[in-house]
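Undergrad: kindly return the folded structure for what I paste below:
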Amino acid sequence: MSKPRSLALPPRTRARRLATARGDFAVLDAMPEGERRGTVLLLPGYTGSKEDFLALLGPLSEAGYRAVAVDGRGQHETPGPRGRAAYRRRPLALDAVAQAAALGDGPVHLLGHSFGGLVARAAGSLAPGAFRSLTLLSSGPGRVARPQRIRIRVLRGALALLPKERVWQAMCWLDSRGEEPDTDTGDTPELTGFLRRRWMRTRIAQLAGAGRLLLSDPDGTAELLELRMPLHIAYGADEMVWPPAELAAAAARTGAHHTVVEGAGHSPNVSHPRELTDRLTGFWERVDARTEAGAAAP
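TA: Numbering: from 1, shown residues only. Have a look, this model is predicted:
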């Protein structure tokens, strides 16, 4: 998961509720500086939240983009049902489609980080007309690496047997050993308190359901090949959750725009936000240029 290094809201950003046809979602909505060049919807990963994108919102806004990061159903500040069925792939994807529609900006660029990429991929397949492009950030169409699969299984098993507070303590111990990439938050009381609150507020059903999807999701390369929208696969050179070689192979096979952020691990959105912004906006500019050229053709 990503761990923000600061909780300060960037300029032109407000925390609010986004009302959609599928319920209300907690979002961070960053408005662009100057003329708007586009809108991007940001979906967070497993055990994460909209705050994972705080470092990215400012640079995206400065580049002229409205950037909206969302808590999915049952995640942090968005309520969610207790039932298992609510956290299957299709309902989560339909939520993302509804969120894009509720922004009122027409087709938007969609970015999913880690588990959010799985949801974003499904949303793009369900409603390609809702999105201008799809970016999978540190998220592959294939299976997660074996060490992370073991970690997810242990977490799901612990949630079924132990109080949530005990599981939180165990996770903190694992993170202190450096087994999770990009987890150095500085251990300030403010950030530690936030991370614990986020964990305690997230539904157990959401954590169990997302973990189940990560473990059972089949290779989605064929699904990506069928997508009718521009595709971008981006990740850090030190990515640990999905094997980088497999991500590179998926990008080559699908013809996706391919970004590797040097020096970054699983969360370039936290560790390298300005470099990532440059790569994202470069991709979106090419997408928009092709769209305009196509519209101008006789």
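Undergrad: when you work out contacts or count neighbours from here on, use the C-alpha atoms and nothing else.
TA: OK.
Undergrad: confirm that Arg17 sits in a strand.
TA: Yes: the assignment for Arg17 is a strand, going by DSSP: H, G, I helix; E, B strand; the rest coil.
Undergrad: so the closest residue to it other than its chain neighbours, which of the three states?
TA: Spatially, and ignoring its direct neighbours in sequence, Arg17 is nearest to Ala26 (4.7 Å; Cα to Cα, 6 or more residues apart in numbering). Look at Ala26: counting by three-state DSSP, its state is strand.
Undergrad: same question for Val167.
TA: helix.
Undergrad: how about the strands in the chain?
TA: 13-20, 23-30, 38-43, 65-70, 108-113, 131-137, 231-236, 257-261 (DSSP state E).
Undergrad: if I look at the residue nearest to Trp242 when sequence neighbours are not counted, how far off is Met171?
TA: Once flanking residues are discounted, Trp242 sits nearest to Val144: 4.7 Å by Cα to Cα, 6+ apart. To Met171, Val144 is 19 Å away according to Cα to Cα, to the nearest Å.
Undergrad: what about these two, which has more around it?
TA: Val144 (22 against 14; other Cα atoms under 10 Å).
Undergrad: list the contacts for that one?
TA: Neighbouring residues of Val144 by Cα atoms under 8 Å, 6 or more residues apart in numbering: Leu214, Leu215, Val241, Trp242, Pro243.
Undergrad: dump those residues to TSV, plus neighbour count.
TA: Output for the contacts of Val144, formatted as TSV (neighbours: other Cα atoms under 10 Å):
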residue	neighbour count
Leu214	19
Leu215	16
Val241	22
Trp242	22
Pro243	18
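Undergrad: and the contacts of stretch 80-92?
TA: Taking Cα under 8 Å, 6+ apart as the rule, stretch 80-92 contacts 72-74, 119, 122-123, 203-206, 209-210, 213.
Undergrad: for Gly263, see how far away the nearest residue to Ala158 once chain neighbours are set aside is.
TA: Leaving aside its chain neighbours, Ala158 sits nearest to Val167 (6.4 Å; criterion: Cα to Cα, 6+ apart). Plainly put, Val167 is 30 Å away from Gly263 if you go by Cα to Cα.
Undergrad: what of Leu18?
TA: 35 Å.
Undergrad: repeat for Leu276
TA: 12 Å.
Undergrad: swap in Leu110?
TA: For Leu110, the distance to Gly263 (Cα to Cα) stands at 24 Å.
Undergrad: more neighbours, those two?
TA: Applying other Cα under 10 Å to Leu110 and Gly263 shows that Leu110 carries more neighbours, namely 27 against 12.
Undergrad: in this model Val40 seems to touch that one, though I could be wrong.
TA: Yes: between Leu110 and Val40 there is a contact under Cα atoms under 8 Å: 5.7 Å.
Undergrad: now render the strands of the chain as TSV, adding distance to Leu225 and mean pLDDT.
TA: Below are the strands of the chain laid out as TSV (distance: least, Cα to Cα, whole Å; pLDDT from 0 to 100):
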stretch	distance to Leu225	mean pLDDT
strand 13-20	29	98
strand 23-30	30	98
strand 38-43	21	98
strand 65-70	26	98
strand 108-113	17	98
strand 131-137	12	98
strand 231-236	9	98
strand 257-261	13	98
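Undergrad: now render those strands as CSV, adding distance to His272.
TA: Formatted as CSV, those follow (distance: least, Cα to Cα, whole Å):
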stretch, distance to His272
strand 13-20, 20
strand 23-30, 19
strand 38-43, 16
strand 65-70, 17
strand 108-113, 14
strand 131-137, 13
strand 231-236, 9
strand 257-261, 8
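Undergrad: what does Val241 show for phi and psi?
TA: Per-residue torsions, Val241: phi -80, psi -40 (degrees, to the nearest 10).
Undergrad: make 191 the starting number, not 1.
TA: Sure thing, new numbering starts at 191, so read that last one as Val431.
Undergrad: residues in contact with it?
TA: For Val431, the contacting residues are Ser328, Val334, Ala335, Gln338, His456, by Cα under 8 Å, 6+ apart.
Undergrad: ranking these by neighbours, who comes first?
TA: Going by other Cα under 10 Å, Ser328 tops the contacts of Val431 with 29 neighbours.
Undergrad: pLDDT value on the residue nearest to Ala348, please?
TA: As predicted, Val357 sits at a pLDDT of 92.
Undergrad: neighbours of it, how many?
TA: For Val357, using other Cα under 10 Å, the count is 19.
Undergrad: what of Gln359?
TA: For Gln359, using other Cα under 10 Å, the count is 12.
Undergrad: pLDDT below threshold where in the protein?
TA: Along the chain, segments meeting pLDDT under 70 span 191, 366-376, 484-488.
Undergrad: isn't Gly330 up against Leu437?
TA: Yes: look at Gly330 against Leu437 with Cα under 8 Å: they come within range, at 5.9 Å.
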